[in-house]
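Chemist: Take this sequence and fold it.
(chains A and B)
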Amino acid sequence: MNDTPHRYTAELAGRIETTWQDRWEEQQLFRAPNPAGPWADPETVARFDGAMFVLDMFPYPSGKGLHIGHPLGYIATDVTARFNRMLGKNVLYSLGYDAFGLPAEQYAVQTGQHPRKTTEDNIVVMARQLKRLGMSYDDRRAIRTIDPDYYRWTQWIFLQIYNSWYDENAPREDGGRGRARPIAELVAQFESGERATPDGRAWEDLTEPERAHVLDEHRLAYTSQAPVNWAPGLGTVLSNEEVTNEGRSERGNFPVFKKNLRQWMMRITAYADRLADDLDRVDWPEKVRIMQRNWIGRSHGASVRFAVDGSETVLEVFTTRPDTLFGTTFMVVSPEHPVVDRLVADVWPEGTKPSWTGGANTPAEAVDAYRLAASRKTDIERQTEGKDKTGVFTGSFAVNVATGERVPVFVADYVLMGYGTGQVMGVPGQDQRDWDFATAFDLSIVRTVQPPPDHDLDTAFTGEGPAINSTNDGVSLDGLGVAEAKARMTQWLTEIGAGEETVTYKLRDWLFSRQRYWGEPFPVVFDEDGVAHGLPDSMLPLELPDVPDYSPKTFDPEDNSSEPEAPLARATDWVEVDLDLGDGKGMRRFRRETNTMPNWAGSCWYYLRYLDPENPDAVVDPANEEYWIGPRPAPIAGAPEGAVDPGGVDLYIGGVEHAVLHLLYARFWHKVLHDLGYLSSSEPFRKYFSQGYIQAPAYQDSRGQYVEASEVIETAGADGQPEFTWNGEPVTREFGKVGKSLKNMISPDDMYAAYGADTLRLYELGMGPLEASKPWETRAVIGSQRFLQRLWRNVVDEESGELVVGEDDPSAEVLRVLHRTIDAVRADYVSLSFNTAIARLTELNNALTKVSGGAPRAAVEPLILMTAPLAPHICEELWARLGHVESLAYEAFPVADPAYLVEDTVTCVVQVRGKVRARLEVPSDIAEDALRERALAIPKIADQVAGGVRTVIVRAPKLVNVVPA
RNA sequence: GCCCCCGUAGCCCAAUCGGCAGAGGCAGGCGACUUAAAAUCGCUCGAGUGCGAGUUCGAAUCUCGUCGGGGGUGCCA
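Modeler: Purely as a prediction, here's the structure:
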């Protein structure tokens, strides 16, 4: 029989936790009122002290359920949500499911179940695990991307983007220029003649397909032929992330080919500048802002036009180093570039070196062979060949505009078609790639920046230095530094009409279609001329049809000529439809788009739907948007002078693996909707915090195979280092991401059973800073349980279950500890420093344990309130046992009394030359002079500075440093 | 290759503005409770901050170099 029936064991914790979880749910305690929309309750909203939107990256409902790595961020947001409720804020906090996607489809194909069934089953499992963790979600707002009521609006947003164009000259309210406008306004410009059509004909003289084609050049969502990763053996296209370094599919290890297919694209490049500039206005980790800026890859330089000798053809290059133009000794064009055809000469001209010809008899032969070889190489092969430069001479010469010299034009695959103009000027003196090419092809090298004396003579010099060899009749750069020389050269190029200042980006338009079943259908149909039409709102949602077979058609893995067949294409009854689009043309025959949207679509805007999930009339009521995420009066700390707050979610926590794509795509959509007037905020996430990973030990046997981590036995070795064995065999330990592949899965369910959810929450946040990755150690979880057991014992007698709190006033000493703790914990919660908050609470808890006569109620109650965001169940239970009827979820968070924060006396350290030599107990308000005198009067100090004092540094009241002469 | 972050006790981690290296936890040691063990409780041991310079009255903190670990990116003109 248990001696201590009221001890806080895992079993008791489990009972308490499930009881409170049910109670919270019954009382609908965490439902946040909205000011407008279907749930409008402005009176309740008015009772709060402002709004706070706390957001997690919503999960993909995997069949394996949660592991202990997942909840870290969720616990952090839950603590933040609970803390802010206690500060009087109206807190919006929920968690939906990102439920379309490839794994569900693949699992469905394997098991013969419908992906909706397996997905919904998985959601049930995850929802149970999360409820058991004690999350304070508003359950009404937990949207699922697969629900037609949700993806109706995903489709609606797609249509807004499709029906928009980017007007680079339109003024914005923030003072800049460029914003999305309805496509109808562009049509009006064409109709009125304000804007000329590409070929100059009048708009009304264009056929409908011609007009559609013109508009496609402007739409923010458009179709185009684009190269994609095609795996015939899988019957599907793959994202780049799904392709291995060896150019095979991650799943199944099938060959992957680049294939040109008609695809939907999103014109995200139109927003490149704003996506880069507005990073200054959001409160994000600097690391993530740098990653996004790198991804956008804005670079400033100049475009320069080169005449081709004896031809009308003009080559146009982009360079970030116009100052080095005098050092251009050759030109290079990408093999895929259409201009190559016009460059190929009939015969090898005089001066052609043997190494330039590739052994061919004519330039045409050489270039054809080279282009064919390049086309057969994958991107990966081009990369893995590294720095070995290959190429052939075209037989043409261009004219260096600065020197007037003829320079040979080459075709080489180190120049990429997809960046800049696909043509470069070869400047070996100041570019290592060009140097390598010049060396391989025996081309001349002219330095136009003076390298320092210690510079390696066999390499390019890319650093800062004075320009040399850079003077002609029109311009001289000699002696100028790089920045000045760039400006001077760009100015000269502009004057003579040979070039101008230019900005380029690495960012590409976003490939937006997938040949999959389990995704949002495009709300688009094609008429018999092949012209695309967006469906009218009244036809949304366009529901994903049930099909008998949702697996993609597979082919011979090596059959590059095969074409993907989207599963929806087989639903012929659905694809071929007669519709009246309401455009005055009556009932017509259409063919539906059979691609589906990528996984990103649903996750691009889910946070907006949390704001107003049941609104049938709008994606979100403008008043709700404004209330929850509208711009605030003050910009974020550290924003540039004059910056305006962009609005957005108050706190978004998620893994850094989504730092580039998801966050960038969501920002893009948000800005489009802002431009079109649907949103007052211009950024989705005002503050983003990237959490670290929890790593768990994984073990490999002598063959390098991972073994089940839970079955590994640790022993102390002869040298005191731990040794590990599995089934008696020695294994080696490493730390890695938790999961199936490393066989180190640890389920939160096991932790609930062994310790309880409150202990798990406390342990995960107590491990270290939220942003750090740290190793899981099951053995250490006990420490968090002990903390809660001590807290329990401060209130409840383990034998009898009676209250044991003292009703006397706390001592001054206890009050000082209490108020110092309040002060620190408040600050720690605000800065997400949960590990130090836990340490402070532990300290206070330990101190109360030692108070004779029982921990005083006046100290225990604030301790419980402060611990409640971290460990809500046990705190609710103790709060109730202390006689409170209401949940503590909306109790005011304790406030520190400044009177208890100041000490009467402090210990002052007295240093000699920076080394501590003595200590003084002094009044905390001691004057500098008095402190100096007292320090110098200490005999030990006086002895040490007998030779005289050079200076005394006093930092009253805590430090005196005496520097002897 | 380039860019960013991190190295503090056996382990995970603290340390406002540069001012006594230690808040908290794990493990270890000692003790209490127990017939015994586990659990629990109390007490306790423990590093001079990866390494080398520099700045400073004073450096874990700032600067430079170097080593180790992690992340991003990659022929981006």
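Chemist: end-to-end on stretch A:135-147?
Modeler: 23 Å (Cα to Cα, to the nearest Å).
Chemist: Quick check: mean pLDDT of that stretch?
Modeler: Stretch A:135-147 comes out with an average pLDDT of 97.
Chemist: Give me the buried positions along that stretch.
Modeler: Going by neighbour count (16 or more other Cβ atoms under 10 Å), the buried part of stretch A:135-147 is A:135, A:136, A:137, A:138, A:141, A:142, A:143, A:144, A:145, A:146. The C-beta positions use only the backbone N, C-alpha and C, and glycine is treated the same way.
Chemist: what does stretch A:890-897 give?
Modeler: So for stretch A:890-897, counting by 16+ other Cβ under 10 Å, buried means A:891, A:893, A:894, A:896.
Chemist: could these be laid out in JSON lines, adding distance to residue A:965?
Modeler: Shown next, in JSON lines, are these (distance: Cβ to Cβ, whole Å):
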{"residue": "A:891", "distance to residue A:965": "61"}
{"residue": "A:893", "distance to residue A:965": "54"}
{"residue": "A:894", "distance to residue A:965": "52"}
{"residue": "A:896", "distance to residue A:965": "45"}
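Chemist: can you redo those as CSV with secondary structure?
Modeler: CSV is the format used below for these (DSSP: H, G, I helix; E, B strand; the rest coil):
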residue, secondary structure
A:891, coil
A:893, coil
A:894, coil
A:896, coil
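Chemist: how about those residues in JSON lines, adding distance to RNA strand B and pLDDT?
Modeler: Shown next, in JSON lines, are the buried residues of stretch A:890-897 (distance: Cβ to the nearest atom of the strand, whole Å; pLDDT from 0 to 100):
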{"residue": "A:891", "distance to RNA strand B": "24", "pLDDT": "97"}
{"residue": "A:893", "distance to RNA strand B": "19", "pLDDT": "97"}
{"residue": "A:894", "distance to RNA strand B": "18", "pLDDT": "97"}
{"residue": "A:896", "distance to RNA strand B": "13", "pLDDT": "94"}
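Chemist: tell me the domain boundaries of chain A?
Modeler: A:1-8+A:778-901, A:299-504, A:694-755, A:903-964 (automatic domain parsing).
Chemist: Quick one: residues contacting the closest residue to RNA strand B within the stretch 651-800 of chain A.
Modeler: Of all residues in the stretch 651-800 of chain A, the one sitting closest to RNA strand B is residue A:783 (2.4 Å; Cβ to the nearest atom of the strand). Applying Cβ atoms under 8 Å, 6 or more residues apart in numbering to residue A:783 gives the contacts A:763, A:766.
Chemist: Closest one to residue A:524 out of the buried residues of stretch A:890-897, please.
Modeler: residue A:893 (51.2 Å; Cβ to Cβ).
Chemist: secondary structure element for residue A:501?
Modeler: Using DSSP states H and E, residue A:501 sits within strand A:499-504.
Chemist: Parallel or antiparallel, which strands does that strand pair with?
Modeler: strand A:299-307 (antiparallel) (DSSP bridges).
Chemist: Could I get the buried residue list for the next helix-or-strand element following the partner strand?
Modeler: Using DSSP H and E, the helix or strand that follows strand A:299-307 towards the C-terminus is strand A:314-319. Within strand A:314-319, the residues that qualify as buried are A:315, A:316, A:317, A:318, A:319, counting by 16+ other Cβ under 10 Å.
Chemist: same check, this time on stretch A:635-649
Modeler: A:635, A:636, A:639, A:644, A:645, A:646, A:647, A:648, A:649.
Chemist: now, which of the residues you listed lie close to RNA strand B?
Modeler: Residues of these in contact with RNA strand B (Cβ under 7 Å from any atom of the strand): none.
Chemist: Flag the least confident of those residues.
Modeler: residue A:639 (83).
Chemist: Could you report the separation of that residue from residue A:629?
Modeler: 17 Å (Cβ to Cβ, to the nearest Å).
Chemist: and the stretch 151-300 of chain A, which residues reach RNA strand B?
Modeler: Near RNA strand B, when you scan the stretch 151-300 of chain A using Cβ under 7 Å from any atom of the strand, you find A:286, A:287, A:290, A:291, A:294, A:295, A:297, A:299.
Chemist: got the end-to-end distance for stretch A:458-470?
Modeler: End to end - Cα to Cα - stretch A:458-470 spans 21 Å.
Chemist: And for stretch A:845-857?
Modeler: 12 Å.
Chemist: Tell me which residues of that stretch come out buried.
Modeler: Here stretch A:845-857 shows A:845, A:847, A:848, A:851, A:854, A:855, A:856, A:857 as buried, counting by 16+ other Cβ under 10 Å.
Chemist: Now the fifth one: phi and psi?
Modeler: With angles defined as degrees, to the nearest 10, residue A:854 shows backbone torsions of phi 100, psi 150.
Chemist: Check whether it really touches residue A:810, as I assumed.
Modeler: No - between residue A:854 and residue A:810 there is no contact under Cβ atoms under 8 Å: 10.9 Å.
Chemist: Which residue, other than its chain neighbours, is closest to the residue nearest the centre of chain A?
Modeler: Nearest to the mean C-alpha position of chain A, counting by Cα atoms, centre = their mean, stands residue A:659 at 1.6 Å. Sequence neighbours aside, residue A:288 is the residue nearest to residue A:659 in space, at 4.5 Å (criterion: Cβ to Cβ, 6 or more residues apart in numbering).
Chemist: tell me the mean pLDDT over whichever strand or helix holds the one you found?
Modeler: Residue A:288 belongs to helix A:286-296 when assigned by DSSP H and E. Averaging pLDDT along helix A:286-296 gives 92.
Chemist: before we move on, what about stretch A:758-766?
Modeler: Here the average pLDDT along stretch A:758-766 is 95.
Chemist: So is that stretch next to RNA strand B?
Modeler: Yes - applying Cβ under 7 Å from any atom of the strand, one finds stretch A:758-766 in contact with RNA strand B at residue A:766.
Chemist: Please save the CA atoms from that stretch in CSV.
Modeler: Extracted as CSV, the C-alpha positions of stretch A:758-766 are listed here (Å, rounded to 0.1, in the frame of the first residue of the first chain):
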residue,chain,number,x,y,z
ASP,A,758,3.1,19.4,-16.8
THR,A,759,6.5,17.8,-16.1
LEU,A,760,7.1,17.4,-19.9
ARG,A,761,6.2,21.0,-20.5
LEU,A,762,8.5,22.2,-17.8
TYR,A,763,11.4,19.9,-18.9
GLU,A,764,11.2,21.0,-22.5
LEU,A,765,11.3,24.7,-21.8
GLY,A,766,13.8,24.3,-18.9
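Chemist: Tell me how far that stretch lies from the chain's centre.
Modeler: Averaging C-alpha positions (Cα atoms, centre = their mean, to the nearest Å) puts stretch A:758-766 25 Å from its chain's average.
Chemist: any residues touching it, and which ones?
Modeler: Against stretch A:758-766 from outside (Cβ under 8 Å, 6+ apart): A:10, A:13, A:17, A:68, A:71-72, A:75-76, A:78-79, A:133-134, A:694, A:748, A:751-752, A:755, A:780-781, A:783-785, A:787-788, A:834-835, A:838-839, A:870-874.
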